[in-house]
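Undergrad: what's the 3D shape of this:
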Amino acid sequence: MTDSSNYIPPKVWKWQSENGGEFSKTNRPIAGPTHEKRLPVGKHPLQLYSMATPNGVKVTIMLEELLALGRQGAEYDAHLIRIGDGDQFGSGFVDINPNSKIPALMDHGTPTPTRVFESGAILLYLAEKFGAFLPTEHAARTECLSWLFWQMGSAPYLGGGFGHFYVYAPTKIEYCIDRFAMEVKRQLDVLDRHLADKQYMCGDDYTIADIAIWPWYGALMRNKLYDAAEFLDTASYKNVSKWTELVGARAAVKRGRMVNRFQGPEDEQLHERHDASDFETRTQDKLEAAE
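TA: Presented below is the predicted three-dimensional model:
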């Protein structure tokens, strides 16, 4: 590994996998599958292939919220994709998402099965399919979509920027941590100012904007992301704190956080979800107690 303090970029970059740190086995500069692997298909039309990262949690929250509204067509099977093991590079997964990122969704309830990838696209697809959590009035819809895409554009600075250099990079580089900490705090200030006179991101109504933003920024506020709440002084963002607790108290949000989770308290881990009753019978604490 090159000493970062003396690094001069070469004329042509070449991949050195040992520079990848914790993700050196899964990060690579080429696309496509690394191995043949068919994906399982469950009993419901909606088949989700995911993991309980913030991006994955967006979709499981959305599906649980739809079911809470009584949209029975939103029943789904959630299959665990372990990205640390490279499951996202299996041929079946790449067929659904050529970008090899979770979450990925297959809708078998359409005349020809429909693939949907990218978490924001999945939220929008489900909102339109089931007529929920997306305003229909033009100005309100536009505002909601603006905040949805704000999240899609902002979170890479929080995750791939701040999170990577603060937690995962093999060396701590002050410039990188300072650069992305500054940006994340700016984003929190954007949210805090916006939420000063609003209950939810788009006013009085809970929408896909909240569902998209909460798994990233709500987790950061609750110190469940990068263990960085103190470092970033998240408690000083009072309006974001209030919104975080409001969204986090929803029953569907609590359920959605559990799906495809395999770390943390065992009673909050539901590795795979195939039926609503799984929350009561198949969390990891219950499965281990039954062995």
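
Undergrad: next SSE downstream of the helix or strand hosting Val94?
TA: Per DSSP states H and E: Val94 is located in helix 91-96. Remark: after helix 91-96, the chain's next helix or strand is strand 104-107, criterion DSSP H and E.

Undergrad: can you give the contact residues for the helix holding Val94?
TA: Contacting residues not belonging to helix 91-96 are listed as 32-33, 35-39, 49, 81, 87-88, 100, 104-106, 115, 117 [Cβ atoms under 8 Å, 6 or more residues apart in numbering]. In this view, the C-beta of every residue, glycine as well, is placed from N, C-alpha and C.

Undergrad: again with stretch 70-83
TA: 26, 39-51, 53, 60, 63, 66-67, 87-88, 93, 102, 104, 109, 126, 130, 132, 259-260, 262, 271-274, 276.

Undergrad: selection in PyMOL covering whichever of the residues you listed are buried, please.
TA: The buried subset of the contacts of stretch 70-83, as determined by 16 or more other Cβ atoms under 10 Å, is captured in PyMOL by this line:
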select buried, resi 26+39+42+44+45+46+47+48+49+50+51+53+60+63+66+67+87+88+93+102+104+126+130+132+259+260+271+272+273+274
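
Undergrad: so which of the contacts of stretch 70-83 sit within strands?
TA: Among the contacts of stretch 70-83, DSSP state E puts Leu46, Gln47, Leu48, Tyr49, Ser50, Ala104 in strands.

Undergrad: nearest to Thr136 among those residues?
TA: Leu46 (22.7 Å; Cβ to Cβ).

Undergrad: what secondary structure does the residue nearest the centre of the chain sit in?
TA: Among the residues of the chain, the one closest to the centroid is Asn55, at 1.2 Å (Cα atoms, centre = their mean). Using DSSP: H, G, I helix; E, B strand; the rest coil, the structure places Asn55 in helix.

Undergrad: which residue is the nearest non-sequential neighbour of it?
TA: Once flanking residues are discounted, Asn55 sits nearest to Ser119: 4.4 Å by Cβ to Cβ, 6 or more residues apart in numbering.

Undergrad: touching, that neighbour and Val57? I think so.
TA: No. If you go by Cβ atoms under 8 Å, Ser119 and Val57 don't touch, sitting 9.1 Å apart.

Undergrad: ranges for the helices of the stretch 1-150 of the chain?
TA: Using DSSP state H, counting those that start in this stretch, the helices of the stretch 1-150 of the chain run over residues 54-68, 91-96, 119-130, 138-156.

Undergrad: a markdown table for those, including mean pLDDT?
TA: Converted to a markdown table, the helices of the stretch 1-150 of the chain look like this (pLDDT from 0 to 100):
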| stretch | mean pLDDT |
| --- | --- |
| helix 54-68 | 98 |
| helix 91-96 | 98 |
| helix 119-130 | 98 |
| helix 138-156 | 98 |
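
Undergrad: let me know which of those helices is tucked in deepest.
TA: Of all the helices of the stretch 1-150 of the chain, helix 54-68 has the most neighbours on average by mean count of other Cβ atoms under 10 Å, namely a mean of 25.

Undergrad: could you name the helices and strands sitting against that one?
TA: For helix 54-68, the elements it packs on are strand 46-50, helix 119-130, helix 208-213, helix 251-258, judged by 3 or more Cβ pairs under 8 Å, 6 or more residues apart in numbering; DSSP states H and E.

Undergrad: what about Ile83, neighbour count?
TA: For Ile83, the count of nearby residues is 18 (other Cβ atoms under 10 Å).

Undergrad: repeat for Tyr237
TA: Tyr237 has 22 nearby residues by other Cβ under 10 Å.

Undergrad: what sits closest to it if chain neighbours are left out?
TA: Using Cβ to Cβ, 6+ apart, the closest residue to Tyr237 is Asp192 (4.3 Å).

Undergrad: work out for me the element that neighbour sits within.
TA: Assessed by DSSP H and E, Asp192 sits inside helix 174-194.

Undergrad: thinking again about what came up before, contacts only, for the residue nearest to the centre of the chain.
TA: Counting by Cβ under 8 Å, 6+ apart, Asn55 touches Lys101, Ile102, Pro103, Ser119, Ala155, Pro215.
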